[in-house]
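Q: The sequence isn't on hand, but the structure is:
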């Protein structure tokens, strides 16, 4: 599977950025990424919340977990691969 990268401009301009991807048929997925500050510097201690969108109730999500970035802004988390479901990742930081 190839990498997907969203720029700060994409996120700031539209606030919500989506990507349609085909996931492998594994029972679990390992998501990794890097969170950057608005200045383009890796952001340590940012929280990444992962949710599943509930297909039966629009605008409702089911929380899966939270992970935090390391000093270099990287994070990784294993989540269940539930066919036909959409995932939402939210990043939070004190800056």
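A: Sure, I can see it. Predicted model, so just to flag it, every value in this text is computed and none were measured.
Q: rest of the way, CA atoms for contacts and neighbours
A: Will do.
Q: So for stretch 71-85, first residue to last residue, what's the gap.
A: Using C-alpha to C-alpha, to the nearest Å, one end of stretch 71-85 lies 31 Å from the other.
Q: Just the buried residues of that stretch, please?
A: Of all the residues in stretch 71-85, those buried under the rule 16 or more other C-alpha atoms under 10 Å are 73-75, 79, 81.
Q: Mind checking which of these are in strands?
A: 74-75, 79 (DSSP state E).
Q: ok, then the element right after the worst-scoring helix or strand of the chain on mean pLDDT?
A: Least confident helix or strand, the chain: helix 8-14 with a mean of 63, by mean pLDDT, DSSP states H and E. As assigned by DSSP states H and E, the chain's next helix or strand after helix 8-14 is strand 28-34.
Q: tell me what that next one is packed against?
A: Packing partners of strand 28-34 (3 or more C-alpha pairs under 8 Å, 6 or more residues apart in numbering; DSSP states H and E): strand 74-80.
Q: Mind listing the strands the strand it packs on pairs with, and their directions?
A: Partners of strand 74-80 in the sheet, by DSSP bridges, are strand 28-34 (antiparallel).
Q: Report the next helix or strand after the partner strand in sequence order.
A: Sequence-wise, the next helix or strand downstream of strand 28-34 (DSSP H and E) is strand 47-53.
Q: What is the subsequent helix or strand relative to that next one?
A: Following strand 47-53 in sequence order, the next helix or strand is strand 61-68 (DSSP H and E).
Q: any idea of the mean pLDDT for that following strand?
A: Average pLDDT, strand 61-68: 92.
Q: Show me the contact partners of that strand.
A: Residues from elsewhere that reach strand 61-68, judged by C-alpha atoms under 8 Å, 6 or more residues apart in numbering: 44-54, 75-77, 79.
Q: give me the low-pLDDT residue ranges for this protein?
A: 1-17 (pLDDT under 70).
Q: Look through the chain and report the residue furthest from the middle.
A: Centroid-distance maximum for the chain: residue 56 at 21.7 Å, with C-alpha atoms, centre = their mean.
Q: Alright, calling it a day.
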